[in-house]
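[1] model the structure of this input:
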Amino acid sequence: MKGSTAMMKYVWFFIVALLAGCASSGTKVERIDAVSEVDKDYKRVMVFAVTEKEHNRSAIEAELVAELNKSDFKASRFAMSNSDIPWGDPTRLQNLVAEDARAGNYDGVLVVSLVSKQRESRYVPEQVNYQPIVTSFGPLAASTYMQTTVAPADYEETTTYALKSTLFDTDSAKPVWQLYSSTVDPTSIDSAAKDFGAVIVKALEKTLPHVKKGK
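    All right, here's what the predicted structure looks like:
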């Protein structure tokens, strides 16, 4: 990118229709940021989910790669196995990811990380429900009474996972696109990853900047 754009200005996409189009019953898009201009298109992408939980990483990366490859991207996972990744040394890990991306001639690296995991309890007061019950006493007679059911007061617990997905430029290592999302009470990591992958790729298709014609 040009030197004058070293301090990249982000364009915020707070467009209700766009977010509604990217959201789903599982993954909700909270915010999308992107640079205003790029000097190349990001077609070849390496995907890396930052988690020491091997199954979680595998599920997220596999679904993202599958969805990206269904679209106009060519994507692959970060090849290093979880057991070989230096999780305790972020600088070394960052260098390894960057080296792998450059060696594979990727345009960018899509990094997914967990921002927060928040548990909440909500008080649900007692609820009384009434349902009419009709009892017949022959062809000409019937009586109706109300059946009452009581749902006792209780607490509902929910867990919200906030994720950040960032596309870094391979050459400059600077972010060019970023999406914040949340998922509430996923039934499983596999189903959540599948939904997440579809939402992220749809958002990339709609909001990732492209090289302006004539450049």
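[2] looking at the chain, which residue lies furthest from center?
    Distance from the centre of the chain peaks at residue 140, with 60.8 Å (Cα atoms, centre = their mean).
[3] residue ranges for the strands of this protein, please.
    10-12, 27-35, 44-50, 74-77, 108-124, 127-136, 142-151, 154-169, 175-184 (DSSP state E).
[4] most tightly surrounded among the ones you listed?
    strand 44-50 (a mean of 23; mean count of other Cβ atoms under 10 Å). Where you see a C-beta, it was placed from the backbone N, CA and C, and this is true even at glycine.
[5] residues making contact with that one?
    Here strand 44-50 makes contact (Cβ atoms under 8 Å, 6 or more residues apart in numbering) with 56-57, 60-61, 64-65, 68, 73-78, 97, 100-101, 104-114, 167.
[6] rerun that using 7 Å as the cut-off
    57, 60-61, 64-65, 68, 73-78, 97, 100-101, 104-113 (Cβ atoms under 7 Å, 6 or more residues apart in numbering).
[7] circling back: of all the strands of the chain, which one is nearest residue 86?
    Smallest distance to residue 86 across the strands of the chain (Cβ to Cβ): 12.3 Å, for strand 44-50.
[8] that closest one pairs with which strands?
    According to DSSP bridges, strand 44-50 forms sheet pairs with strand 74-77 (parallel), strand 108-124 (parallel).
[9] can I get those in a markdown table with mean pLDDT?
    A markdown table is the format used below for the strands paired with strand 44-50 (pLDDT from 0 to 100):
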| stretch | mean pLDDT |
| --- | --- |
| strand 74-77 | 98 |
| strand 108-124 | 92 |
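[10] between those strands, which one is closest to residue 33.
    Ranking the strands paired with strand 44-50 by distance to residue 33, with Cβ to Cβ as the measure, places strand 108-124 first at 13.8 Å.
[11] any weak-confidence spans in the protein?
    Where the chain drops to pLDDT under 70, the residues are 1-25, 213-215.
[12] same thing but 80
    Along the chain, the model assigns pLDDT under 80 to residues 1-25, 137-142, 212-215.
[13] hey, which helix is longest across it?
    Scanning the chain for the helix with the most residues, using DSSP state H, yields helix 189-207.
[14] buried residues in that helix?
    By neighbour count with 16 or more other Cβ atoms under 10 Å, helix 189-207 contains the buried residues 189-190, 192-204, 207.
[15] and which of the residues you listed is nearest residue 122?
    Set against residue 122, the nearest of those by Cβ to Cβ is residue 192 (21.3 Å).
[16] quick check: that closest one vs residue 165, distance?
    According to Cβ to Cβ, to the nearest Å, residue 192 and residue 165 sit 14 Å apart.
[17] try residue 28
    13 Å.
[18] same question for residue 106.
    Remark: distance between residue 106 and residue 165 (Cβ to Cβ) = 16 Å.
[19] over to residue 137?
    As judged by Cβ to Cβ, residue 137 and residue 165 stand 65 Å apart.
[20] using TSV, lay out the strands paired with strand 44-50 together with distance to residue 155.
    Shown next, in TSV, are the strands paired with strand 44-50 (distance: least, Cβ to Cβ, whole Å):
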stretch	distance to residue 155
strand 74-77	40
strand 108-124	5
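[21] quick revisit: next, the angle strand 175-184 makes with the longest helix of the chain.
    Orientation of helix 189-207 against strand 175-184 (axes from the mean of the first three to the mean of the last three Cα atoms, to 10 degrees) gives an angle of 140 degrees.
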